[in-house]
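*Asks:* okay, sequence plus prediction incoming.
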Amino acid sequence: MTHTRAASRLVCLATLLVALLALIPSGQARAASLQEVTGFGSNPGALRMFRYVPAGLPAGRPVVVALHGCTQDAAGYGSGSGWIQLADRWGFSVVLPQQTTANNASSCFDWFQTGDIERGQGEAASVAQMVDRQLADAGGDASRVYVTGLSAGGAMTAVMMAAYPEKFAAGGVVAGLPYGCAQAAGSPYVCMYVGATQTPAQWGDRVRAARPGYSGPWPTLTVFQGTADYTVKPVNMTDLMRQWTNVRGADQTADVSDTVAGYPHQVFKDPAGNTAVETYSITGMGHGQPVDPGSGTGQCGAAGAYLLDVNLCAAYRLGQAWGLSAG
């Protein structure tokens with residue numbers, strides 16, 4: 001009799017569990033997780049590849065490449081920045097390259113090393129191979145691939161836009177640096193703390209030299225920069241604007257100047273009237289990724305080291321600009 005009652009209780013519990021699971025949306029019941037991918041190419045930069053693919057993601061969806069900053073890793077940056085949260089919300093996959101301490105003791109991407117920033121070489125080539133692998137595996141839309149990153153990852157974002165412009169529709173640099181800045185300044189530290197003295201044309205020439213003979217289209221650039229950033233000085237956002245407006249044939253006078261979430265925001269358009277460069281100057285913010293934790297429409301990310309709650313989520317703003325929310 002006791003065994004019969006115990007069995008009956010187990011059946012009831014199992015039935016209740018099935019009923020509860022039925023109330024959970026299928027995407028949550030089969031939650032995806034970060035996955036490491038090996039053998040994605042020759043990997044000349046000796047990087048690690050991680051990716052996040054929401055459960056049930058159909059083919060033909062966009063791909064976002066998200067590059068972490070120094071001392072960070074793929075998982076922490078993917079969740080902290082808000083990109084994984086938005087991937088579930090809007091339906092796209094995320095490629096998360098990860099640096100190793102064997103390459104760089106602080107886990108920084110080597111944006112300042114000539115051998116890692118040129119097409120077909122080093123870390124830049126490894127990231128490009130990750131993109132190709134993800135497009136093949138997920139059946140992603142090759143016309144809707146985007147790249148973004150924080151600090152050293154932001155500088156590597158500019159590298160990918162310059163060395164592989166045909167792969168990326170747009171890029172988002174957060175507290176990063178222009179392409180070729182270390183070479184122009186003579187030192188990565190001079191570039192970071194002082195900036196490099198270059199005209200817009202000289203900046204643009206560095207990008208054009210990275211992809212000789214390429215006639216476009218070049219990616220659109222969005223930049224986020226804290227005004228109180230003493231690790232990567234705000235002049236670098238100005239230089240990024242000068243570099244990419246020149247590449248896109250635009251002038252350096254903003255066509256739109258307004259505020260977003262109370263922060264100065266500018267848009268620079270090319271001769272055809274398309275956005276070439278967009279900038280967000282985050283007043284009072286130090287070195288880090290702007291996030292806005294919460295469940296509201298425009299919120300994403302989680303506060304932490306170099307993940308700064310300033311009531312504006314950079315990933316959300318980038319996703320809006322790139323049309324990801326239309327998914």
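*Replies:* Done, it's in.

*Asks:* quick one: the strands in the stretch 151-300 of the chain?
*Replies:* For the stretch 151-300 of the chain, the strands defined by DSSP state E, counting those that start in this stretch cover 170-174, 220-226, 256-260, 263-269, 275-282, 289-291.

*Asks:* okay if I get these as JSON lines plus mean neighbour count and mean pLDDT?
*Replies:* To be clear about C-beta, it is placed using only N, CA and C from the backbone, and glycine gets the same treatment. Compiled in JSON lines, those are given as follows (neighbours: other CB atoms under 10 Å; pLDDT from 0 to 100):
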{"stretch": "strand 170-174", "mean neighbour count": "28", "mean pLDDT": "98"}
{"stretch": "strand 220-226", "mean neighbour count": "26", "mean pLDDT": "98"}
{"stretch": "strand 256-260", "mean neighbour count": "11", "mean pLDDT": "98"}
{"stretch": "strand 263-269", "mean neighbour count": "18", "mean pLDDT": "98"}
{"stretch": "strand 275-282", "mean neighbour count": "23", "mean pLDDT": "98"}
{"stretch": "strand 289-291", "mean neighbour count": "29", "mean pLDDT": "98"}
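
*Asks:* which one, of those strands, ends up nearest to residue 195?
*Replies:* strand 220-226 (12.2 Å; CB to CB).

*Asks:* tell me which other helices or strands that closest one touches.
*Replies:* strand 170-174, helix 235-247, strand 275-282, strand 289-291, helix 314-321 (3 or more CB pairs under 8 Å, 6 or more residues apart in numbering; DSSP states H and E).

*Asks:* same list (the ones you listed) but as JSON lines, adding distance to residue 80.
*Replies:* Below are the helices and strands packed on strand 220-226 laid out as JSON lines (distance: least, CB to CB, whole Å):
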{"stretch": "strand 170-174", "distance to residue 80": "12"}
{"stretch": "helix 235-247", "distance to residue 80": "22"}
{"stretch": "strand 275-282", "distance to residue 80": "16"}
{"stretch": "strand 289-291", "distance to residue 80": "7"}
{"stretch": "helix 314-321", "distance to residue 80": "10"}
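
*Asks:* the ones you listed: which one's closest to residue 305?
*Replies:* Shortest distance between residue 305 and the helices and strands packed on strand 220-226, using CB to CB, is found for strand 289-291: 10.2 Å.

*Asks:* gap between that closest one and the chain center?
*Replies:* Using CA atoms, centre = their mean, to the nearest Å, the distance from the centre of strand 289-291 to the centre of the chain it belongs to is 12 Å.

*Asks:* which helices and strands sit right next to that strand?
*Replies:* Helices and strands in packing contact with strand 289-291 are listed as helix 74-80, strand 220-226, strand 307-309, helix 314-321; criterion 3+ CB pairs under 8 Å, 6+ apart.

*Asks:* turn those into JSON lines, including distance to residue 200.
*Replies:* Below are the helices and strands packed on strand 289-291 laid out as JSON lines (distance: least, CB to CB, whole Å):
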{"stretch": "helix 74-80", "distance to residue 200": "31"}
{"stretch": "strand 220-226", "distance to residue 200": "13"}
{"stretch": "strand 307-309", "distance to residue 200": "30"}
{"stretch": "helix 314-321", "distance to residue 200": "22"}
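
*Asks:* so which of those is nearest residue 90?
*Replies:* helix 314-321 (6.4 Å).

*Asks:* tell me what angle that closest one forms with strand 256-260.
*Replies:* Inter-element angle recorded for helix 314-321 and strand 256-260: 130 degrees (by axes from the mean of the first three to the mean of the last three CA atoms, to 10 degrees).

*Asks:* show me the contact partners of helix 314-321.
*Replies:* By CB atoms under 8 Å, 6 or more residues apart in numbering, the residues outside helix 314-321 that reach it are 81-83, 86, 90, 146, 148, 170, 172, 174, 220, 222, 224, 260, 275, 278, 280, 289-292, 298-301, 325.

*Asks:* circling back to that earlier point, closest one to residue 62 among the helices and strands packed on strand 220-226?
*Replies:* So among the helices and strands packed on strand 220-226, helix 314-321 is nearest, using CB to CB, at 9.3 Å.

*Asks:* gap between that closest one and the chain center?
*Replies:* 10 Å.

*Asks:* next, the angle strand 220-226 makes with it.
*Replies:* Calculated by the same axes, to 10 degrees, helix 314-321 forms an angle of 160 degrees with strand 220-226.

*Asks:* and residue 199, which of the helices and strands packed on strand 220-226 is closest to it?
*Replies:* Nearest to residue 199, of these and by CB to CB, is helix 235-247 at 7.8 Å.

*Asks:* how about the closest one: buried residues?
*Replies:* Under the neighbour-count criterion of 16 or more other CB atoms under 10 Å, helix 235-247 has 236, 237, 238, 239, 240, 241, 242, 243, 244, 245, 246, 247 buried.

*Asks:* if I look at the third one, how far off is residue 45?
*Replies:* So the one you mean is residue 238. 29 Å (CB to CB, to the nearest Å).

*Asks:* ok, the last one next?
*Replies:* In this view, residue 247 and residue 45 are 24 Å apart by CB to CB.

*Asks:* now do residue 207, the pLDDT please.
*Replies:* Residue-level confidence at residue 207 comes out at 98, pLDDT.
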